[in-house]
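Novice: quick check, what structure comes out for this input:
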Amino acid sequence: ARRLVGAGAEWFPNSTSAKPEFEFKQPAKPAAAPILTKTVSIYFQSGSSTLEENAKAVLETQVVDLAATFGSAYMRIAGNTDNVGSREANVRLSRARADAVTSFLVSKGFERNKFEVVGNGPDKPVASNDTDEGRAKNRRTDFEVVPR
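Specialist: You can find the predicted model right below:
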């Protein structure tokens, strides 16, 4: 009888129908602690989120294999910047850098939902921002493998 009532719903638009058996939701964002963190030297020019050929080669040789090895896990891709400019602009830039890396990995055949993109801005430096060399080291991308 329930199916008959549900099937007739199109003829009786003001009637109530049964709740669907299944609800499909987007997968939850990975919030778990990483099982592996790998800092890969994907460097960017100051103020840029464009991947250079050297960066693509590093991604090919180091990160593609990492993503394939942990096929059932998420990868958190965290972009970082130096402290030149406003914090807000740097957070946007760091996210754009992580997005550029993610787009490259998706172009290599990985599903987009395998990656969580994070923009840390200048908040997680690995070197002093007082020198050109230190600022260059801070313009990087970190990769974390996170269990599903």
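Novice: for the residue nearest to the spatial centre of the chain, phi and psi?
Specialist: Residue closest to the average C-alpha location in the chain (CA atoms, centre = their mean): Val117, at 2.2 Å. Main-chain torsions, Val117, degrees, to the nearest 10: phi -100, psi 130.
Novice: now do the same contact list for it.
Specialist: Remark: with contacts taken as CB atoms under 8 Å, 6 or more residues apart in numbering, Val117 is in contact with Ile77, Gly79, Arg95, Ala98, Asp99, Thr102. The way it works is simple: take the backbone N, C-alpha and C, and place the C-beta from them, glycine included.
Novice: repeat the analysis, applying 7 Å as the threshold.
Specialist: Neighbour list for Val117: Ile77, Arg95, Ala98, Asp99, Thr102 [criterion: CB atoms under 7 Å, 6 or more residues apart in numbering].
Novice: same check on Arg76?
Specialist: Shown in contact with Arg76 (CB under 7 Å, 6+ apart): Pro30, Pro34, Glu116, Val118, Glu144, Val146.
Novice: hmm, 6 Å instead?
Specialist: Applying CB atoms under 6 Å, 6 or more residues apart in numbering to Arg76 gives the contacts Glu116, Glu144, Val146.
Novice: who is it paired with across the strands?
Specialist: In this entry, Arg76 is beta-bridged to Glu116, Glu144, by DSSP bridges.
Novice: pull the longest helix from this structure.
Specialist: If you go by DSSP state H, the chain has its longest helix at helix 87-107.
Novice: and that helix, what does it pack against?
Specialist: With contacts taken as 3 or more CB pairs under 6 Å, 6 or more residues apart in numbering; DSSP states H and E, helix 87-107 sits against strand 74-79, strand 115-119.
Novice: tell me the first helix or strand C-terminal of the last one.
Specialist: Just to be clear, that refers to strand 115-119. Note on strand 115-119: by DSSP states H and E, the next helix or strand toward the C-terminus is helix 132-138.
Novice: what packs against that following helix?
Specialist: Packing contacts for helix 132-138, counted by 3+ CB pairs under 6 Å, 6+ apart, involve no helix or strand.
Novice: neighbours of Phe104, how many?
Specialist: The number of residues packed near Phe104 is 18, by other CB atoms under 10 Å.
Novice: again, but for Asn54
Specialist: 11.
Novice: if anything else comes up later, I'll come back, but that's it for now.
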